[in-house]
Each structure stands twice: as C-alpha cells, then as structure tokens.
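# What follows is a predicted structure for the sequence shown.
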Amino acid sequence: MAMTILCVTGCDARYFLTTLAFLRELEELSPRSRIRVCDFGMTDRQQAFLRDAGLLLERPAGLPADAHPYLCKGNLAGYCGAEEWSALLWLDSDMLLGALDPAALEALEADLCRSGAALAATGTIERASIARMMEGLRSAGHHVAPTLALLRDGGVDTGLPYISTGLMLWRSRELLADWGRACLDCPPQALLEQNVLNALAMRDPSSVLRLDARRWQVYDSALAGVEMPDPSNDRLLVLDGSPVMTVHASSRKGHHLDADLSLVMGGHVLKGYLRTFANPALQKRHLRNLLTVVNANRSAMEYIGVLQPC
C-alpha cells in the first residue's frame, strides 16, 4: 500500500470495544503507523491506551465539548490536519473487512485519481435518492429543514443518489475542510454529517466517485445474505455469489445487535457495549477479533475497566 494512504476511524467511550475489534481488521489492511482513531468522547484511560499505541487523534479545539459523534466525524479535517496523506480512508468502526485489502485500496485510490473526483463513497444499499432519504427521515419525525435549505441553496438535484459516510476515500483537503465548517454551522439532526456532505458534494456530482454499496459496504437487510463459504478463509465474504469489500453492522431492520457483553475470560469478565452483527458467522468473527485484542492487552483492559474480576 502507498504509505500516503491514512486509515482513520473514530469512537466515543461507548464504542470503545467495538473499535478495538475493528483495529484487528485495520492492522491487516495497513501498517499501524498509518492507522488513526479519532477521539469522539472517550474516557481518559481509553484515550491513554490509544495514545500510547500511537493511534489517537486528539479532539480538535474547535469542537464543542458535548459534540455528537456525527459532528465529530464531519470534522475529520480538524482531526487530521497535522497528518500527511495523499488519500484518507475513513471507515466506521462497526465494520468487518472482506475483499478490501491493500491491493484493492491502492486500485481504488488510482481510480479516484484518474476520475478527478474529490472523494469516493458508496450510495445506500437500496440505491435511494437524496429526495427519498430526506422524505424517509421527515416521515420518521426527524428535523430535516436545515438540510433541505442547504440542498436548495446549493442547487442540488435531489434525484441524485444519496451517498453514505460509512466508507469514504478522500483526496480533497479543501472539500474535507468545507464539510467540517458546514457541519459546525448546521443545527443538530439525524445523520447530520451525512446529510451535509450530500448537500455540499452533490452540488457537483462529478466530485464524487460513487461506489456500489452491495459490493463496497454491505449493511441493513443485505447482511442476512452474506456468507463465508470457505472455512479456511474468514476474510472471504460473499453476497449474491460475489466477494464484498466490507460489511457494516448498521441497520433499521434488526440485522445488527446492540449487545451488553458479560463474557467470562479466565477469572475476569469482559463487560461493555458492542455493536455487532445478527448474522451468526459475522458475529463469531467479530467476537473473535475482540477477544484477541483484549487477551493481548489484559492489563490495559483491566486498568480501563472493561475487564473486571469475577
């Protein structure tokens, strides 16, 4: 992999265990020196663990102390301002990697450069338009007027595909910084950073290299169809007969689990929240990742408080 690709995720205190499990995945994708975790509101001890590992990106000074993770994520430019990168890969921390390996990532970066686009991102799993997403949020009782105003003021064609922020490869520092400023200026709302990115980036649809979510970021009901056909290769994740790049434990239809763990581990109990998969094969791999990281860092996990005496 080109050493100028920076792989970034982020979490608050609640998502710490979920992020530990994901770090196991990222270390197969990138050298540790090119992996970073944004502090979206971790405890001091969680921060110290990641800081000592050389992974932590400190919270930017411009973010409010009570900033929601949506707002934090929208301010990647602030977190990554001092980092060197020609391309920045953002992945949500509640994911597993499939065919996304160093070669696939390099190929995506090359495609992005050839396209001249500012970033690559997937559409939604159901291929929804911006208008359909806004109507869905409004019908569910969410406040979307600020986003509708941004879309209108930017002259965005709301018939265009709505893009997701779960997996993004960035090339433009300028648009990244614009996104952060716009998120800070926008009132809190469901899917804040995602809505704002659509309102900004889709003013010029050619600025986004759109990826197929069913290949690049499988989530929601499609998770039920993901298979692991080769017992000797749990990185081979297949949907509809084709390998997929990542799977994401995000759904509106019961295909992810919000688990409160209490797992006995040799005289201790692992306690905490884990966002994981309802699909049994994916859940098994996810838990194995987490237990591997916890076992390798038992003293630190006890100090942090997630590994407690029985």
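Sure, I can see it. Numbering: from 1, shown residues only.

# And the helices in this structure, which stretches?
Counting by DSSP state H, the chain has helices at residues 16-26, 44-52, 69-74, 76-80, 102-115, 130-139, 145-153, 173-185, 192-201, 213-216, 280-296, 298-304.

# which other helices and strands contact the fourth one?
Helix 76-80 is packed against strand 5-11, strand 35-39, strand 87-91, helix 173-185, with contacts defined by 3 or more CB pairs under 8 Å, 6 or more residues apart in numbering; DSSP states H and E. Every C-beta, even on glycine, is put in place using the N, C-alpha and C of the backbone.

# so how far is Ser129 from the spatially closest residue to Thr147 that is not a sequence neighbour?
With sequence-adjacent residues excluded and distances taken as CB to CB, 6 or more residues apart in numbering, Thr147 is closest to Asn195, at 4.1 Å. As judged by CB to CB, to the nearest Å, Asn195 and Ser129 stand 13 Å apart.

# Specify which residue of the two has the higher count of neighbours.
For Asn195 and Ser129, the more surrounded residue by other CB atoms under 10 Å is Asn195, and the numbers stand at 28 against 16.

# so what's Val37 scoring on pLDDT?
pLDDT, Val37: 98.

# Contacts only, for Leu169.
Listed by CB atoms under 8 Å, 6 or more residues apart in numbering, the contact set of Leu169 reads Ala87, Leu88, Leu89, Trp90, Leu105, Leu108, Glu109, Leu112, Leu119, Ala120, Ala121.

# still on that earlier bit, out of the helices and strands packed on helix 76-80, nearest to Tyr79?
Closest approach to Tyr79 among these (CB to CB): strand 35-39, 4.6 Å.

# Could you give the bridge partners of Val242?
You called it Val, but residue 242 is Ser. Residues in a beta bridge with Ser242, per DSSP bridges, are Leu239.

# Ala13 - how many residues pack around it?
17.

# And it, what's its pLDDT?
pLDDT at Ala13 comes out at 98.

# Tell me the spacing between it and Leu71.
16 Å.

# one step back: pull up the overlap in contacts between Asn195 and Ser129.
With CB under 8 Å, 6+ apart, Asn195 and Ser129 have no common neighbours.

# Pull out the buried positions in stretch 277-297.
Buried residues in stretch 277-297, counted by 16 or more other CB atoms under 10 Å: 277, 279, 282-283, 285-287, 289-291, 293-294, 297.

# Which of the residues you listed sits closest to Val244?
Using CB to CB, Leu282 is the member of the buried residues of stretch 277-297 that sits closest to Val244, with 11.2 Å.

# That closest one contacts Leu96, correct?
Yes - judged on CB atoms under 8 Å, Leu282 makes contact with Leu96 at a distance of 6.2 Å.

# what touches both of those two?
Leu237, Val247.

# Spit out the contact partners of Phe16.
Met42, Thr43, Gln46, Gly272, Ile304, Val306.

# wait, which of these is closest to Gly155?
Looking across the contacts of Phe16 and measuring by CB to CB, the closest to Gly155 is Met42, at 39.3 Å.

# Quick check: that closest one vs Pro280, distance?
In terms of CB to CB, Met42 sits 30 Å off from Pro280.

# can you check Ala199 too?
For Ala199 relative to Pro280 (CB to CB), the value is 39 Å.

# now do Ser299
In terms of CB to CB, Ser299 sits 32 Å off from Pro280.

# same thing with Leu184?
Applying CB to CB to Leu184 and Pro280 gives a distance of 41 Å.

# list the contacts for Cys80?
Counting by CB under 8 Å, 6+ apart, Cys80 has contacts Leu6, Val8, Arg36, Leu57, Leu88, Leu176.

# Export these to JSON lines and append columns for neighbour count and distance to Gly241.
Below are these laid out as JSON lines (neighbours: other CB atoms under 10 Å; distance: CB to CB, whole Å):
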{"residue": "Leu6", "neighbour count": "21", "distance to Gly241": "33"}
{"residue": "Val8", "neighbour count": "24", "distance to Gly241": "32"}
{"residue": "Arg36", "neighbour count": "22", "distance to Gly241": "35"}
{"residue": "Leu57", "neighbour count": "23", "distance to Gly241": "39"}
{"residue": "Leu88", "neighbour count": "23", "distance to Gly241": "32"}
{"residue": "Leu176", "neighbour count": "23", "distance to Gly241": "36"}
